[in-house]
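Asker: have a look at this prediction, sequence included:
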Amino acid sequence: MSTTSRQFTLASRPHGAPTNENFELKNVELPSLKDGEVLLRTIYLSLDPYMRGRMSDAKSYADPVEIGDVMVGATVCQVESSKNDTFSEGEWVLAYTGWQTYAISNGEGLMPLGKEPKNPSYALGIMGMPGFTAYMGLLDIGVPKAGETVVVAAATGPVGATVGQIAKIKGCKVVGVAGGSEKCAHAVESLGFDACIDHKADDFAEQLEKACEQGIDVYYENVGGKVFDAVLPLLNTSARVPVCGLVSQYNATSLPEGPDRMGMLMGQLLTKRIKMQGFIIFDDYGHRYDEFAQDMQQWLQERKIQYREHLVDGFEKTINAFNDMISGKNFGKTVVKVNNPLYK
């Protein structure tokens, strides 16, 4: 019996925020399995800011999605049927099958998650790329020391929330930046941050300066824009700035208004000997995943790390969920539930 896969393919390149017109929802009949192949039933689809860059044809660290191709993305799937000796029916796997309800794989690149993982979707968040990104960016580039002040933007997102909690484990003062009073309260009350400042506040820069009375030693950059404008004057001598993302700029179609900030930035980097470094997690740190996984599993077991998912039920809601995530309307790690799990 043939299987129909629903697929979101890229129909045109967005100018600004993506719209429904930039995608085409297709129904594709998948071929019968060949020897060595498995049919993957997508259960959870991860939505992440990097995907906006893949929709553009601007030169970047990874090739763009071609017009007509399925949008890329990490997925947690179950093996619905198998002609591969390595994978059995019902087994859960971490895959990279993108925005589609079913896919065929020859088994390459699939990470087994077992028959009955406790929280399978965690492989897309705290135990996956976002958690790994938080861990390596903070510890390898930020190198936080006990007593230092760490500031992290997008503080209740999957990366920012993890950065702040690891920094607390390392004995730092942690100040988050988030959008809205509910997210800021969550950062302090649930995640254990020392303070969290609402970037929507009219006096945001003044509040941030007051919360960081000893200056900022590590700023984990997820956002850019006005948040970085407020952070830059507060950076201490020998501060470290891991650059993970610039989500405020991903839909921009022109340079920001106001004076050219490049001279100020370069001057601060020089006179304060600031280290500012970008990184691509699997390109730079893929060989250290086991180190991360061991620490994170222990912290989760010891309840030193709290994790929140923003679960969207329904494949057809993917585009709206993506735009909500880019604009900060999500609360936690955005995951789309695509299909119900197999019960075997």
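Answerer: That came through, no problem. Residues are numbered from 1 along each chain as shown.

Asker: please count neighbours and contacts with C-alpha atoms only from this point.
Answerer: Will do.

Asker: and the strands in the stretch 151-300 of the chain?
Answerer: 173-178, 195-198, 216-220, 235-243, 275-278 (DSSP state E, counting those that start in this stretch).

Asker: quick check: which ranges of the stretch 51-200 of the chain have low pLDDT?
Answerer: Counting by pLDDT under 70, not a single residue of the stretch 51-200 of the chain qualifies.

Asker: now tabulate the strands of the stretch 151-300 of the chain in JSON lines and tack on distance to Glu24.
Answerer: Shown next, in JSON lines, are the strands of the stretch 151-300 of the chain (distance: least, CA to CA, whole Å):
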{"stretch": "strand 173-178", "distance to Glu24": "33"}
{"stretch": "strand 195-198", "distance to Glu24": "37"}
{"stretch": "strand 216-220", "distance to Glu24": "36"}
{"stretch": "strand 235-243", "distance to Glu24": "33"}
{"stretch": "strand 275-278", "distance to Glu24": "33"}
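
Asker: most tightly surrounded among these?
Answerer: Mean neighbour count, computed with mean count of other CA atoms under 10 Å, is highest for strand 216-220 among the strands of the stretch 151-300 of the chain, reaching a mean of 27.

Asker: so which elements touch it?
Answerer: Applying 3 or more CA pairs under 8 Å, 6 or more residues apart in numbering; DSSP states H and E, one finds that strand 216-220 contacts strand 149-153, strand 235-243.

Asker: so which of those is nearest Val336?
Answerer: Among the helices and strands packed on strand 216-220, the nearest to Val336 by CA to CA is strand 149-153 (23.6 Å).

Asker: can I take it that Arg6 is in a strand?
Answerer: Yes. Assessed with DSSP: H, G, I helix; E, B strand; the rest coil, Arg6 lies in a strand.

Asker: could you pull up the contacting residues of it?
Answerer: Residues near Arg6 by CA atoms under 8 Å, 6 or more residues apart in numbering: 25-28, 100-102.

Asker: thinking again about what came up before, columns distance to Tyr61 on top of the helices and strands packed on strand 216-220, output as TSV?
Answerer: Listed next are those as TSV, based on distance: least, CA to CA, whole Å:
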stretch	distance to Tyr61
strand 149-153	23
strand 235-243	14
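
Asker: among these, which is nearest Thr271?
Answerer: Judging the helices and strands packed on strand 216-220 by CA to CA, what sits closest to Thr271 is strand 235-243, at 7.9 Å.

Asker: now that closest one and strand 216-220, what's the angle there?
Answerer: Using axes from the mean of the first three to the mean of the last three CA atoms, to 10 degrees, the inter-axis angle of strand 235-243 relative to strand 216-220 is 10 degrees.

Asker: quick one: list the elements packing against strand 235-243.
Answerer: By 3+ CA pairs under 8 Å, 6+ apart, strand 235-243 packs against strand 216-220, strand 275-278.

Asker: mean pLDDT lowest where, among those strands?
Answerer: Between the helices and strands packed on strand 235-243, the lowest average pLDDT goes to strand 275-278, which shows a mean of 94.
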